[in-house]
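Chemist: Below: sequence and its predicted model.
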Amino acid sequence: MRLKHIKLVGFKSFVDATKVPFPHQMTCVVGPNGCGKSNVIDAVRWVLGESSAKNLRGDAMTDVIFNGSGARKPVSQASVELVFDNSDGRIQGEYANYAEISVKRLVTREGRSDYFLNSSKCRRRDITDLFLGTGLGPRSYAIIEQGMISRLIESKPQELRVFIEEAAGISKYKERRRETENRMQHTRDNLERLSDVRDELGSQLDKLQRQAAAARRYKDLKQQERKFKAELQALKWLTQEQQAERIRQTIREHEAELERWVAEQRGSERGTIELREQASETKLKLDEVQQQFYQLGNEITRIEQQLQSARQQLQQREQRQQQLSAELAQLNDTYARDFEQQQELQLQLEQLTPEVEEAELRTQEAEQAFHAHEEQWLQLQNDYQAHLDAQQAQRERAQTLKLQQERNQDQLQRIVQQLQELDQQQQQLQSDLAVVQQEQANTKLTQAEQQLSNSDEELQKSQLKQQQLREQREHCEQQLGQSRQREQQLLGRQSSLETLLEASQASSWPQQLCEWLNEQGIQHQGQLRDAVEVSEQWQFAVEQLLEPWLDAYVVNDVLASWPQQLGMRLVTIGSDAEQPKTGSLAAELSAPLKNWQWAQQVALVADANEAQQKLQTQQWHYAVNQQGEIWSAAGYQAAQVALEDSQLLQQQELVALKTELEDVAHQSVELEQSLKQLQEQRRQHELDLQQQRELHSQYQAEVATWREKSQWQTQQQQVLETKLSTVDERRLELTEQAEMLKLQEQELASQMHQFEQQEQPSDSDEKWQEKREQLQHQRSQLRAMQQQRQQEQQDKKLQLEQIKSELHHLQTLLQRSQLQQSQAQEQLNLLTDPDLDQQQQLEVQALQLEELLAQREDVDEARRAWSNQLADIEQQLNEVSSGAKGVETQIEKARQQLQSSQMELAALQERSRNVLAVLEEMQQPLKPVLEQLPEQADEAKWQAEVDRLQSAIGRLGAINLAAIEEAETLAERKAYLDQQHDDLSSSLETLDNAIRKIERETRQRFKSTFDAVNTGLQELFPKVFGGGSAYLELTEDDLLETGVAIMARPPGKKNSTIHLLSGGEKALTALSLVFAIFRLNPAPFCLLDEVDAPLDDANVGRFCRLVEEMSQTVQFIYISHNKVAMEMASHLAGVTMQEPGVSRLVAVDVDEAVALTEAS
């Protein structure tokens, strides 16, 4: 693994997008002081997760953003991207198969910082975890900056231990151990809460069980009470039925008497019916005559309306004919004009087409001529450059004389600059003197009073703004507290779910299998639990079916062999995509599991019947329903995992919790930023308020000061005049010095002229210049001719397109005019077609109207005759009706007696229905109750028994009927919590074992790494110093907590502590330690920032030989000002700051440069 390049945009002084490549194992970054070399080191440290602005040489994290320069504005964001070559697969995990890994960090002015891994947004922790154990990190031993060498040697034992841990690769174990201990603490907290809940549930269960016993006694008594009440109601129903039978007999007698009187009434009614039939017939005749009368009136009205309408239509048709004739004449004129214009445009189009073709041909000829001349121009440029290179050697001979001349010019320029400054100072003093002379104390006093008034207004506004900011801060603090409380709740639930999932995944074989697959280069889709995606309704059933295989790994192809100790823990899905069978498990799964042949043989069913039917077809090997029940040829299997213990559901809930946690965390960060902004605004307003108060006091002081200003003006005027005199004297001195330098400049110019005359004169420059000007003139002419012909061609084409567009528009107008002419002619033909003579129709309708008026008079006379006859018949009916009233009186009397008996019967029947309703409400049908009723049953005895049972029920007191079900539910919940308690206890034991295993492995790795680093230090130190000794020692016996101390004695010294060494000796000792660590666990690259600065030339040589030796396995990127270190590099990256405040990169491959030099 190695660093390919760094891309910086807006980071510190690298405002433009800058790519720093590292093609070789040793790259040296060079440049003058302050050009931005160390910003490259800061960029690497920053993108690897550095969160301290102090370690990046700033006060805030936004200080890494380019803040502008004299010629450039500040930018809004900064980003740095590191691209690694991972072809050797050193990065493990999900990125092991990536040949190139990109890590990027971006920060904005608002303080928001984002991380990206292979262009995907991620967390800072993901970046840290990616490089754990590799030696890389924001503060690892792979990045050695200025001053870090001395800090490394002088660091505390615990700080030095961190480097050994990183080299041993146990820093990630230490992080995991801390996380595990936090989870164990959360689990213990959950156990305490769970114990409290179990105790509370136990007391509630005892109370509910007592209430359930009373509820069961209550149910027994209620059952007896319902039985006696039902039998009592049956006895009442029998008594009421006997009474009803007696009343029915009385009703039959009254009905016989009523029928006798009704028969007599019917005889008188027959005569009335005959008269009514005659009256009805007469009325029908009268209605027919009246209907005929009304029909004639309607017909008369209709004919009158038709006459009026026909006259109006005749008039409208004549007006429409005149209108259409005028429109048709106008359309004919328009069509003629458009047709004539079309002919003219067509003629122009035929004339312009050959002109366009001729213009295209001339344009092509001009372009060919220009390209031919361009080749001559390039050849001349190359020849002229060679001529200039030959003259360069002569110019360098005059360089020495020019340098002396430039030094004199610089000195003269400084004197001129001082004179200008004196002139400015003189002008300023004169201006101050004029101001002092012109100042008026009264005017300034008035201005000061006005400023004091304005300051009072600003002070009141600031105090109001300060109150608003205080209210906003309190509201933001309240929201932040709620957000943090919610985050703690989610973290507790997340810890519980992670503990349960880790306990269910405690086996170590999945990790071993994953490592074996990666070693064999076998592609896999991860574990089955992560690859399964199914709809929510089938999720529980799928887990019941696949529960033994959730830890298995999914591969595409069948393997010939695998380690036997790992077992059959592979799921082969195949690579051939085929359509899954309808109703199979594969149809519900997402890709790539749709190709799983085993899932094609699992049927999704609704019940046992459908399962047996599908298994009998021999196309299915298994059947499962949504409740998790499984059928196969081996038999039936009920659901083995409870819904609340579902790992898939727990994992799904865990993913949702993580998403919500990120949202809540992001919300908390935003609230914290808002709170900080409000606090900063409030602090700034307090400062502003303080400044305004100070300014207010200052204005008050100014009011008093300007009263004394007049006396001071005279004194100040004298002082300014004295300063002016001093400036004049100094100006005279500088002028004399300038004159002397000018004389020297003239002498140097004379010497320079003599040197130029001694050189061999040459007129080749004038020939070259004349030839270049000639070709340049021809090139300009050809370019102008080319542009002119292109413009002519474009104008012709544009004119041609305009004519075509106008032709198309005219064709559209002609077609539209033809269509409008055709429509108008058709309408005119319709109006002028021959039709019936409307005048004749009008005369016929008038005759019909006269005939209808005569018929209506005849019908009116017949109507009056029938009306008189109907009045006579109605008179006879009134006489017959008066005789039938006596019979009706007798009938009414008999009917009242019958109704009285019927009402009595209805009352009895209503009481019987009430009894039946009571029985129905009690869910006791009448017939079974009557059949079970004892013979000795008596209504009074049964009522007494009911009263006795109700009294017994009342003595039971308040009854909780839900206690039975609640007790059962509570017992089930307590059993579930007991199981959870046992599971959590088992999980704690598992986590304890894991921690002990981590501690044991940590001790082993730390001890072996410490010994190896110590051995490497003892080997490298004599090599670097040419003798002497150095070693590491442990400060304590506990390998988990012990610190690491270093001791070094250069040749000939017996120092008692390492702090007695010089700066150079400390630097070489620290480098020996770092390189010893690199030998054991080499990081992908090593960054060195001027670590050779405190070394002399001899030690620099030793340092360079050591770096060159280690560069065989480690990529080195170092910053240096030492020429020996520069010569060692294979690639030089120069950083310049030609534009003030902006860094740029100039890269040189040393090997290629040497080869080019030797070839020349």
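Modeler: That came through fine.

Chemist: What is the subsequent helix or strand relative to the helix or strand hosting Q364?
Modeler: Following DSSP states H and E, one finds Q364 within helix 171-397. The helix or strand immediately downstream of helix 171-397 is helix 399-438, counting by DSSP H and E.

Chemist: In terms of secondary structure, what does that following helix contact?
Modeler: helix 709-758 (3 or more Cβ pairs under 8 Å, 6 or more residues apart in numbering; DSSP states H and E). (C-beta placed from N, C-alpha, C; glycine too.)

Chemist: State the next helix or strand along the chain beyond the helix it packs on.
Modeler: helix 764-832.

Chemist: helices or strands up against that next one?
Modeler: helix 171-397.

Chemist: Need the mean per-residue confidence for the helix it packs on.
Modeler: The average pLDDT for helix 171-397 rounds to 77.

Chemist: Also stretch 11-21?
Modeler: Averaged across stretch 11-21, pLDDT comes to 92.

Chemist: Return that stretch as CSV; C-alpha atoms alone will do.
Modeler: Extracted in CSV, the C-alpha atoms of stretch 11-21 (Å, rounded to 0.1, in the frame of the first residue of the first chain):
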residue,chain,number,x,y,z
PHE,A,11,-6.5,24.4,1.9
LYS,A,12,-4.4,27.1,3.6
SER,A,13,-2.2,28.7,0.9
PHE,A,14,-3.1,26.1,-1.8
VAL,A,15,-6.1,28.1,-3.1
ASP,A,16,-6.1,26.6,-6.6
ALA,A,17,-6.7,22.9,-7.2
THR,A,18,-3.2,21.4,-6.7
LYS,A,19,-2.3,17.8,-7.3
VAL,A,20,0.9,16.6,-5.5
PRO,A,21,2.0,13.2,-7.1
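
Chemist: Now do the buried residues in that stretch.
Modeler: By neighbour count with 16 or more other Cβ atoms under 10 Å, stretch 11-21 contains the buried residues 11-15, 18, 20-21.

Chemist: which one of these sits closest to K227?
Modeler: F11 (92.0 Å; Cβ to Cβ).

Chemist: Surely Q278 and I873 touch.
Modeler: Yes: contact criterion Cβ atoms under 8 Å: Q278 and I873 qualify, at 5.3 Å.

Chemist: residues shared between the contacts of these two?
Modeler: Here Q278 and I873 have no joint contacts, going by Cβ atoms under 8 Å, 6 or more residues apart in numbering.

Chemist: buried ones in stretch 952-964?
Modeler: Across stretch 952-964, burial judged by 16+ other Cβ under 10 Å covers 953, 960, 963-964.

Chemist: An error on my part: the question was meant for stretch 678-690.
Modeler: Neighbour-count burial for stretch 678-690 [16+ other Cβ under 10 Å]: 678, 681-682, 685, 688-689.

Chemist: Next one: L232 from V918, what distance?
Modeler: Going from L232 to V918 by Cβ to Cβ, to the nearest Å gives 10 Å.

Chemist: More neighbours: which of these two?
Modeler: Using other Cβ atoms under 10 Å, the more surrounded residue of L232 and V918 is L232, with 22 against 16.

Chemist: so what's the more buried one up against?
Modeler: Applying Cβ under 8 Å, 6+ apart, the residues near L232 are 939, 942-943, 946.

Chemist: circling back to that earlier point, just the buried residues of stretch 678-690: which has the poorest pLDDT?
Modeler: Where pLDDT dips furthest among the buried residues of stretch 678-690: L689, at 73.

Chemist: Now it. Nearest residue, chain neighbours left out?
Modeler: Once flanking residues are discounted, L689 sits nearest to S462: 4.7 Å by Cβ to Cβ, 6 or more residues apart in numbering.

Chemist: Now the one you found, what are its backbone angles?
Modeler: Note on S462: its backbone torsions stand at phi -60, psi -40 [degrees, to the nearest 10].

Chemist: what sits against the residue lying closest to R730 once chain neighbours are set aside?
Modeler: Spatial nearest neighbour of R730, excluding adjacent residues (Cβ to Cβ, 6+ apart): L422 at 6.1 Å. When contacts are counted by Cβ under 8 Å, 6+ apart, L422 touches 727, 730-731, 734.

Chemist: Please identify which of those is nearest to R913.
Modeler: For those, the nearest to R913 is V727 (129.1 Å; Cβ to Cβ).

Chemist: The helix or strand hosting K927: how far from the chain's middle?
Modeler: Using DSSP H and E, K927 sits in helix 926-932. Mean-position distance between helix 926-932 and its chain equals 73 Å (Cα atoms, centre = their mean, to the nearest Å).

Chemist: What residues of that helix count as buried?
Modeler: 926, 929.

Chemist: Over that helix, what's the mean pLDDT, rounded is fine.
Modeler: Helix 926-932 comes out at a mean pLDDT of 79.

Chemist: what's that helix in contact with?
Modeler: 230-231, 233-234, 237-238, 916, 919.

Chemist: Which neighbouring elements make contact with the stretch of helix or strand H666 belongs to?
Modeler: Using DSSP H and E, H666 sits in helix 647-705. When contacts are defined as 3+ Cβ pairs under 8 Å, 6+ apart, helix 647-705 packs onto helix 441-504, helix 528-531, helix 536-546.

Chemist: pretty sure V1024 contacts L1071?
Modeler: Yes: using Cβ under 8 Å, V1024 is in contact with L1071, at 7.1 Å.

Chemist: With secondary structure and distance to Q841 added, can I get the buried residues of stretch 11-21 in CSV?
Modeler: Shown next, in CSV, are the buried residues of stretch 11-21 (DSSP: H, G, I helix; E, B strand; the rest coil; distance: Cβ to Cβ, whole Å):
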residue, secondary structure, distance to Q841
F11, strand, 101
K12, coil, 104
S13, coil, 105
F14, strand, 102
V15, coil, 98
T18, strand, 101
V20, strand, 105
P21, strand, 105
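
Chemist: Closest one to T363 out of those, please.
Modeler: Closest to T363, out of all of these and judged by Cβ to Cβ, is T18, at 43.6 Å.

Chemist: Tell me the secondary structure at the nearest residue to that closest one once chain neighbours are set aside.
Modeler: Spatial nearest neighbour of T18, chain neighbours left out: L8 (4.8 Å); criterion: Cβ to Cβ, 6+ apart. Secondary structure, DSSP: H, G, I helix; E, B strand; the rest coil: L8 is strand.

Chemist: wait, what's in contact with L8?
Modeler: Contact analysis of L8 by Cβ under 8 Å, 6+ apart lists 14, 17-18, 20, 39-40, 43, 79-80.

Chemist: returning to that earlier point: identify, from the buried residues of stretch 11-21, the entry nearest to A862.
Modeler: V15 (116.2 Å).

Chemist: Provide the backbone phi and psi angles at that closest one.
Modeler: Phi and psi for V15, reported as degrees, to the nearest 10, are phi -70, psi -40.

Chemist: Report how many residues lie close to the closest residue to it other than its chain neighbours.
Modeler: Using Cβ to Cβ, 6+ apart and skipping the chain neighbours, the partner closest in space to V15 is F66 (4.3 Å). Residues near F66, counting by other Cβ under 10 Å, number 24.

Chemist: Can you tell me how far R57 is from D42?
Modeler: Taken as Cβ to Cβ, the span from R57 to D42 is 7 Å.

Chemist: again with M1137
Modeler: In terms of Cβ to Cβ, M1137 sits 16 Å off from D42.

Chemist: Out of those two, name the residue with the larger neighbour count.
Modeler: Taking neighbours as other Cβ under 10 Å, M1137 and D42 compare with D42 leading, 22 against 16.
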